[in-house]
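S.K.: requesting a structural model of the entry that follows:
(one chain, ligands or ions: 1)
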Amino acid sequence: MPTLTIQPAGKTVAVAAGTTLLQALLAAGENVGHKCDGKAQCGSCHLFVQDGRKTLSKIQRDENEKLDSIVGVGSKSRLACQAVIGEADIAVELLSFV
Ligand code: FES
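M.R.: Residues are numbered from 1 along each chain as shown. Sure, this is the predicted structure:
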């Protein structure tokens with residue numbers, strides 16, 4: 001089972017492949033915005049993936065379009081609701097400015 005490391009909390013939890021980052025973070029007790037309930041419309045679940053980007057599902061059109069409209073997006077940006085966890089470990093950084 002892959003692990004998910006969450007910064008800045010410094011927490012590491014085991015996650016099941018096939019769950020979204022948003023589901024995994026909420027299950028871990030993290031307070032992640034998800035105003036649109038995971039439909040790639042609000043951008044409040046934006047975070048940075050520090051490690052393990054390649055194990056996540058690829059960015060699809062809806063996510064790409066939303067990311068294009070968000071301030072503060074960088075090369076490590078993903079929408080947690082759209083990124084599905086694969087088999088490898090991953091580390092994310094929750095953002096305080098969203
Ligand atoms: S929960 Fe709204 S974009 Fe992810």
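S.K.: low-confidence ranges in this structure?
M.R.: Of all residues in the chain, those with pLDDT under 70 make up the ranges 97-98.
S.K.: interface residues of it facing the ligand?
M.R.: 34-36, 38-45, 66, 79, 81 (Cβ under 6 Å from any ligand atom). (Each C-beta comes from the backbone N, C-alpha and C, glycine too.)
S.K.: out of those, which two are the most distant from each other?
M.R.: Farthest pair in the residues of the chain next to the ligand (Cβ to Cβ) is 34 and 66. Separation: 12.8 Å.
S.K.: of those two, which one has the most company?
M.R.: residue 66 (22 against 18; other Cβ atoms under 10 Å).
S.K.: tell me where this structure has strands.
M.R.: 3-7, 11-14, 46-51, 77-79, 90-94 (DSSP state E).
S.K.: what residue is smack in the middle of the chain?
M.R.: residue 80 (2.7 Å; Cα atoms, centre = their mean).
S.K.: that one touches residue 44, doesn't it?
M.R.: No. Using Cβ atoms under 8 Å, residue 80 is not in contact with residue 44, being 9.3 Å away.
S.K.: what do those two both touch?
M.R.: 32, 34 (Cβ atoms under 8 Å, 6 or more residues apart in numbering).
S.K.: relative to residue 35, how far out is residue 7?
M.R.: Using Cβ to Cβ, to the nearest Å, residue 7 is found at 22 Å from residue 35.
S.K.: and the helices in this protein?
M.R.: Using DSSP state H, the helices of the chain run over 21-27, 61-68.
S.K.: I appreciate the help and will end here.
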